[in-house]
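>>> The following comprises the amino acid sequence and a computationally predicted model.
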Amino acid sequence: MNNVEFLEIIKNSFKIFLNLESEKFGKGSRSNEKLKPLHGQIAKDLQEYLGKTFKIKSLGYGNGKESKIFGRYYEKTVDISITKNKKDVASYGIKFVMQNYSQNSNNYFENMLGETANIRTNKIPYFQIFIIFEKVPHYDDKKAFKNYDIISQHNLDKYIKLSQDNADIYFHTPNKMLFVVVKLKEKEENYKFKDKNEYIEFYKSIINDKNLMQYSNKISDNFDNGIILNDYENFLERTCSLITGSLK
């Protein structure tokens, strides 16, 4: 899967999310159905790259089930697990943020640090993929549209610092991270939706627009070696090299 195809998989996950939100009483954000095409295709790519001697488990791939691995402190269900000769050799965590980012920004980051430390201190490489829209809709408790959470330098500062960490020293740092920022086509410039339903219905109506999504160029690539911006192909190659290299 190249970078263009990766964007199409992100689009497919967004499409499933929209359908679940409108058809199943707003359960799209909690359902794992939207994750299957994304996780499954990444798992397939890993299998093709690493070869048949590795066993990979993920939603949307193989038996379609996630797997638990043993961290240093607790057992953790991971998005993608990789084993060889029945031994855990690596895992991937994937986060796709589609709404209400600002109120959860620090929680996402802190949870990522904690789960990474738990796994890596048990001598298992851990990689992260973080996907977010350039402008994330923010709703109140009654699903009225409040504003957009717009990704800013302030949001990125902690990730830039993370990218500078030496992963051999700081075990809360992923061995490698892919940070993806997606620009969505807008209804009108600075248009404010009335509520969540209007947002959902608008994007359902243009979901097949070939210009619906593109990689954002709003974010400057100030990341150091630990984080790769908007380049899935590079991330896949480098993480697989780290996995095979760790087994030599």
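Nice, I can see it.
>>> need the contact list for Gln128.
92-95, 112, 116, 174, 176-178 (Cβ atoms under 8 Å, 6 or more residues apart in numbering). C-beta coordinates here come from the backbone N, C-alpha and C atoms, glycine included.
>>> I'd like to know which of these are part of helices.
In this view, the contacts of Gln128 that belong to helices under DSSP state H are 112, 116.
>>> how about the contacts of Gln128, which pair is most distant?
Maximum pairwise distance among the contacts of Gln128 (Cβ to Cβ): 15.0 Å, between Lys95 and Lys176.
>>> circling back to that earlier point, filter the contacts of Gln128 down to the buried ones.
Neighbour-count burial (16 or more other Cβ atoms under 10 Å) applied to these gives 92-94, 112, 116, 174, 176-178.
>>> Quick one: distance of the biggest helix by length in the chain to the chain centre.
Criterion DSSP H: the longest helix present in the chain is helix 3-23. Remark: helix 3-23 is offset 13 Å from the chain centroid, using Cα atoms, centre = their mean, to the nearest Å.
>>> Please work out the average pLDDT along it.
Across helix 3-23, pLDDT averages out at 90.
>>> List the buried residues for that helix?
When burial is assessed from 16+ other Cβ under 10 Å, helix 3-23 yields the following buried residues: 6-7, 9-21.
>>> Give the other helices and strands that that helix contacts.
Using 3 or more Cβ pairs under 8 Å, 6 or more residues apart in numbering; DSSP states H and E as the contact criterion, the neighbours of helix 3-23 among helices and strands are helix 36-50, strand 176-184, helix 196-205, strand 213-215, helix 232-246.
>>> Including mean pLDDT and distance to Phe223, could these go into a markdown table?
Compiled in a markdown table, the helices and strands packed on helix 3-23 are given as follows (pLDDT from 0 to 100; distance: least, Cβ to Cβ, whole Å):
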| stretch | mean pLDDT | distance to Phe223 |
| --- | --- | --- |
| helix 36-50 | 96 | 20 |
| strand 176-184 | 96 | 7 |
| helix 196-205 | 94 | 29 |
| strand 213-215 | 96 | 14 |
| helix 232-246 | 95 | 12 |
